[in-house]
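> structure for this input, please:
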Amino acid sequence: MASDKPFKGYNPNKHSRTGGLNDAYRKKLNRETGSNLQRPVTGSPKPGTKAANRKKSFCARMSGVKGPTSEDGKLTPKGAALKRWNCADGGMIGDDMPLKEGKSQKTFEKNIKTEIKSGKPPKQAVAIAYAVKRRNMAKGGGLYANIHAKRERIEAGSGKK
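Sure thing, here's the model as predicted:
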């Protein structure tokens, strides 16, 4: 019956009821492919540890996978995995050092410094800071919104420039 499945696409031979692969299937895959699949990091590991880095990496990768986290009121395998790993923020911004929301150059530079301080490589820190800046530019305001508003005022004949 479909109603007793904990998430969409659940297969008891492969999946844990809480999401992700079960121990037996993980061992089988490791044996057959020579890979090194490990159990999920479900707790709150100390920042900077190997477990914390694994969790952050998984959350960032899995959050970027296309597709919904739930369909028809049930979690998809993606949603179940994110829930199992406790990926609240998608792994992009750590709870320990939140980034400033804003689009100014000063905020952008502070965000880069924050990310570098948290241990990210400089190029990655710049990319994350740009992502935050773009997100805030899309919310409204900034150079593009000002140019657009000015153009509308001129076209409307308000006289303001």
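
> going forward, measure contacts between C-alpha atoms and count neighbours the same way
OK.

> relative to residue 53, how far out is residue 40?
For residue 40, the distance to residue 53 equals 12 Å [Cα to Cα, to the nearest Å].

> next one: residue 136
Using Cα to Cα, residue 136 is found at 27 Å from residue 53.

> ditto for residue 25
24 Å.

> repeat for residue 66
Taking Cα to Cα, one finds residue 66 at 22 Å from residue 53.

> any idea which helix or strand comes after the helix or strand where residue 79 lies?
Counting by DSSP states H and E, the element that carries residue 79 is helix 77-84. Remark: after helix 77-84, the chain's next helix or strand is helix 105-117, criterion DSSP H and E.

> what's the longest helix in the protein?
helix 122-138 (DSSP state H).

> follow-up on the earlier one: between residue 66 and residue 53, which is the more surrounded one?
It is residue 53, of residue 66 and residue 53, that has more neighbours when counted by other Cα atoms under 10 Å, with 16 against 8.

> now do the SS call for the spatially closest residue to the more buried one that is not a sequence neighbour.
In space, residue 53 comes closest to residue 47 once its chain neighbours are excluded; the distance is 7.8 Å by Cα to Cα, 6 or more residues apart in numbering. Recorded secondary structure, residue 47: coil (DSSP: H, G, I helix; E, B strand; the rest coil).

> distance check, residue 47 against residue 57.
Taken as Cα to Cα, the span from residue 47 to residue 57 is 13 Å.

> what stretches of this protein score poorly on pLDDT?
1-3, 89-97, 139-149, 158-161 (pLDDT under 70).

> quick one, phi/psi of residue 75?
phi -70, psi 140 (degrees, to the nearest 10).

> oh sorry, the question was meant for residue 19
phi 110, psi 150.

> hang on, isn't it packed against residue 85?
No. Contact status for residue 19 versus residue 85: not in contact, 9.1 Å apart, counting by Cα atoms under 8 Å.

> separation between residue 138 and residue 102?
11 Å.

> which one's more surrounded, those two?
residue 102 (19 against 13).

> against residue 39, how distant is that one?
Distance check for residue 102 against residue 39: by Cα to Cα, it reads 37 Å.

> could you do residue 126 as well?
32 Å.

> same check on residue 122?
Relative to residue 39, and taking Cα to Cα, residue 122 is found at 30 Å.

> fine by me, thanks again.
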